[in-house]
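Asker: take this sequence and fold it.
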Amino acid sequence: MTYRLEDYTQFGGHIEMGTVRNALAYQGVTMPHSGDAPTQALLFGISGGVVAGYFAFEYAPAPPYLHFLTRNTFDPLSKMMDRLGIVVDAKQTDKPDKAVENLVAALSEGQPALVLASYPLLPYNLTEATGDNHYAYPVVVYAYDPETGTVLLSDRAQVPLGIMADELAQARAYPKKNKHRLLTVSLPNMDKLAEAVTAGIQETINSFVGEPPRKPMKGKYGLSAYDKWIEMLNAKSKEGWAKKFAPGERMLSGLMSSYYYANVWITAGPNASRGEYADFLDEAAVILEKPGLKNAASQWREAERQWVGLNDALLPMRIPPFDRVRQLIDMDQQLFLEKGCDADEERVVLKAELAALKQDIKDDFPLGDAGVAVMIEAISESVQAVRAAEAEAIRLMQTAMA
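Answerer: Model (predicted):
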């Protein structure tokens, strides 16, 4: 017997917010201000929205990398559901057989099953597991066939993703705190919608101009994150780009990671999710009856344009090897989103080309000292432009909410 949600067609979207949106849409939830299913942008904004954080890491022998935070990563899923009054029924077990029973029970009751799974252990992510990338995130399981041992998932791709049940079991078993965790969600409490939107907006404002969530983040979070980036681009200290991301393999890693974590990593969105956040503020203006939020939305779209410029400064078209690196990263992402598992072979070829290109750049770096100086100046100017645009966006939000 196959356990399957009837007429399930909800695919695509960002992790967490897109996953919950898909589950709510399948359950027929519509929003009072639109008459349609909740948008991912609305849930994203309620969860805490956009942030900025400069965090450079190095785990030898791998080269250093920059993870620039662009979305709230501090319990966004639980915050969003708490604010909307969504009741979560969570089941967790150390026993694989019981985990299957819980999955079957949810599907039998017609409920989308949100299961926590480790990113590198889901085969379609085509990612080698390392010590620091076992990120656990929710995917929707909407079909399970015990006879063939297969499951169908709804993840970030715009199409169904089919994998073996034992592959999913392995991915579900890895997260120590969330081993075999399964969630089903109730309908939102629409009476809490305005309050939820207000709380999300205030969290975003606080993220940029208030105290950081943790004391060690001071000076690296909010608008200060951009100041830190500019400082490090021009610093000669151990943490400055001249040493930490020195020309060669280290600089390539800094450029690639800056682009990757702000655009295609699973906890990011294109151009730092600034356009998506603008979409949220347009909805918020209607829900809260605060038209000034539309001015803030327009300013966040200006910030998105500045992020386009920053991306071009990081991996510029004028330098062919860097341009090709960016093309390969983007093509890999787009193939997965459009074709899912059917793109595996094409994506493996792209990843092999990227690995070879990285080695070529390492062996023969395309910039001399003068070229590096020009590039660092261009990145610094672009970071400053992003900062200015986002500072104005936050000011407009504060004015609209006053």
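Asker: which positions within the lengthiest strand in the chain qualify as buried?
Answerer: Within the chain, and with DSSP state E defining each element, the longest strand by residue count is strand 136-145. Neighbour counts over strand 136-145 (16 or more other CB atoms under 10 Å) mark 136-144 as buried. For glycine as for every other residue, the C-beta is placed from the backbone atoms N, C-alpha and C.
Asker: ok, how many other residues are close to Trp229?
Answerer: 25 (other CB atoms under 10 Å).
Asker: check contacts around it.
Answerer: 54, 68, 383 (CB atoms under 8 Å, 6 or more residues apart in numbering).
Asker: how about a cut-off of 7 Å?
Answerer: Trp229 is in contact with 54, 383, counting by CB atoms under 7 Å, 6 or more residues apart in numbering.
Asker: also the one 3 residues further on?
Answerer: Residues in contact with Met232 (CB under 7 Å, 6+ apart) are 239-241.
Asker: max pairwise distance over the buried residues of strand 136-145: which two?
Answerer: Farthest apart among the buried residues of strand 136-145 by CB to CB are Ala136 and Ala143. That separation is 21.7 Å.
Asker: can you give me the helices in the stretch 151-300 of the chain?
Answerer: 165-173, 193-209, 223-234, 241-244, 249-263, 274-287, 292-314 (DSSP state H, counting those that start in this stretch).
Asker: residue boundaries of the strands in the stretch 1-150 of the chain?
Answerer: 3-4, 50-57, 65-71, 88-91, 113-118, 136-145, 150-154 (DSSP state E, counting those that start in this stretch).
Asker: export the ones you listed to JSON lines and tack on distance to Leu107 and mean pLDDT?
Answerer: JSON lines is the format used below for the strands of the stretch 1-150 of the chain (distance: least, CB to CB, whole Å; pLDDT from 0 to 100):
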{"stretch": "strand 3-4", "distance to Leu107": "4", "mean pLDDT": "98"}
{"stretch": "strand 50-57", "distance to Leu107": "35", "mean pLDDT": "97"}
{"stretch": "strand 65-71", "distance to Leu107": "30", "mean pLDDT": "97"}
{"stretch": "strand 88-91", "distance to Leu107": "13", "mean pLDDT": "97"}
{"stretch": "strand 113-118", "distance to Leu107": "6", "mean pLDDT": "97"}
{"stretch": "strand 136-145", "distance to Leu107": "6", "mean pLDDT": "97"}
{"stretch": "strand 150-154", "distance to Leu107": "10", "mean pLDDT": "98"}
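Asker: nearest to Asp363, out of the ones you listed?
Answerer: Nearest to Asp363, of the strands of the stretch 1-150 of the chain and by CB to CB, is strand 65-71 at 19.9 Å.
Asker: each with direction, which strands does that closest one pair with?
Answerer: Sheet pairing for strand 65-71, assigned by DSSP bridges, gives strand 50-57 (antiparallel).
Asker: okay, angle between the partner strand and helix 249-263 too, please.
Answerer: 160 degrees (axes from the mean of the first three to the mean of the last three CA atoms, to 10 degrees).
Asker: which residues sit in contact with the closest residue to Leu42 other than its chain neighbours?
Answerer: Spatially, and ignoring its direct neighbours in sequence, Leu42 is nearest to Glu283 (5.3 Å; CB to CB, 6 or more residues apart in numbering). Glu283 sits next to 33, 39, 41-42 when contact means CB under 7 Å, 6+ apart.
Asker: which two from those end up farthest apart in space?
Answerer: Longest span within these, CB to CB: His33 and Ala41, 12.9 Å.
Asker: once you drop chain neighbours, what's closest to Ala41?
Answerer: Per CB to CB, 6+ apart, closest to Ala41 is Asp279, 3.9 Å.
Asker: and the gap between the one you found and Leu310?
Answerer: Computed with CB to CB, to the nearest Å, the distance linking Asp279 and Leu310 is 20 Å.
Asker: surely Glu304 meets Tyr277?
Answerer: No. Assessed by CB atoms under 7 Å, Glu304 is found out of contact with Tyr277, at 8.6 Å.
Asker: more neighbours: these two, which one.
Answerer: The residue with more neighbours, out of Glu304 and Tyr277, is Tyr277; 26 against 20, by other CB under 10 Å.
Asker: what's Arg21 in contact with, if anything?
Answerer: Going by CB under 7 Å, 6+ apart, Arg21 touches 13, 38, 40, 43.
Asker: surely the third one and Glu16 touch.
Answerer: No. Using CB under 7 Å as the test, Gln40 is too far from Glu16 to be in contact (9.6 Å).
Asker: who touches both of the two?
Answerer: Counting by CB under 7 Å, 6+ apart, Gln40 and Glu16 have no shared contacts at all.
Asker: where does pLDDT dip in this structure?
Answerer: 131-133 (pLDDT under 70).
Asker: most residues in a single helix of it, which one?
Answerer: helix 369-401 (DSSP state H).
Asker: can you pull the buried residues of that one?
Answerer: By 16+ other CB under 10 Å, the buried positions in helix 369-401 come out as 372, 375-376, 378-380, 382-387, 389-394, 396-398, 400-401.
Asker: run through who's touching stretch 289-296.
Answerer: 281-282, 284-285, 393, 396-397, 399-401.
Asker: quick one: closest of the helices of the stretch 151-300 of the chain to Gly110.
Answerer: Gly110 lies closest to helix 165-173 among the helices of the stretch 151-300 of the chain, at 20.1 Å (CB to CB).
Asker: now do that closest one and strand 113-118, the angle between them.
Answerer: Inter-element angle recorded for helix 165-173 and strand 113-118: 70 degrees (by the same axes, to 10 degrees).
Asker: distance from the chain centre to the helix or strand harbouring Val348, please.
Answerer: Applying DSSP states H and E as the criterion places Val348 in helix 344-363. Distance of helix 344-363 from the chain centroid (CA atoms, centre = their mean, to the nearest Å) equals 23 Å.
Asker: what comes up buried for that helix?
Answerer: 347, 350, 353-354, 357-358, 361.
Asker: for Ala235, see how far away the nearest residue to Gly254 once chain neighbours are set aside is.
Answerer: Computed as CB to CB, 6+ apart, the closest residue to Gly254 that is not its neighbour in sequence is Phe245, at 3.4 Å. Plainly put, Phe245 is 11 Å away from Ala235 if you go by CB to CB.
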